[in-house]
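1. pasting the sequence and the predicted coordinates here, then a few questions.
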Amino acid sequence: MSEVVTLGRTVIYSLVDPRSGQTRYVGKTARGMLARLISHKHAAKRGQLPVNRWVMKLIRETGSGPIFNWIESVPDGADWAEREMF
């Protein structure tokens, strides 16, 4: 996956189960998408949130993490929280 630079935008993304194609999580990042995916994988080791436990289980069962899909970029000043609702 190549790094997507946000350039003053918030990126809305989803984490998808590669086995079922089901979207399991929708989030946002103002950092690059690759950095956010790495952050999810690190957080999965602590397993404190449901998304973290799911990512860790997925890594254990499949040897890889979720599919990381870009949904849209929201310009600075726009309501990213409204756009993140799925």
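-> Looks like it arrived, so ask away. Residues are numbered from 1 along each chain as shown.

2. can you find the helix or strand of this structure with the lowest average pLDDT?
-> When the helices and strands of the chain are scored by mean pLDDT, DSSP states H and E, helix 80-84 comes last with a mean of 55.

3. ok, Thr62 touching Pro18?
-> Yes. The criterion here is Cβ atoms under 8 Å, and Thr62 meets it with Pro18 at 6.7 Å. (C-beta placed from N, C-alpha, C; glycine too.)

4. excluding its backbone neighbours, what's nearest Glu72?
-> The shortest distance from Glu72 to any non-neighbouring residue, by Cβ to Cβ, 6 or more residues apart in numbering, is to Ile12 (5.1 Å).

5. that neighbour and Thr62: what is the separation?
-> Distance, Ile12 to Thr62, by Cβ to Cβ, to the nearest Å: 25 Å.

6. got it, and Val11?
-> From Val11 to Thr62 the distance is 25 Å (Cβ to Cβ).

7. among the two, which residue is more densely surrounded?
-> Taking other Cβ atoms under 10 Å, Val11 and Thr62 do not tie; Val11 has more neighbours (21 against 12).

8. next up, the contacts around that one.
-> Val4, Lys28, Thr29, Ala30, Met33, Arg36, Trp70, Ile71, Glu72, Ser73, Val74 (Cβ atoms under 8 Å, 6 or more residues apart in numbering).

9. would you say it is within a strand?
-> Yes. Assessed with DSSP: H, G, I helix; E, B strand; the rest coil, Val11 lies in a strand.
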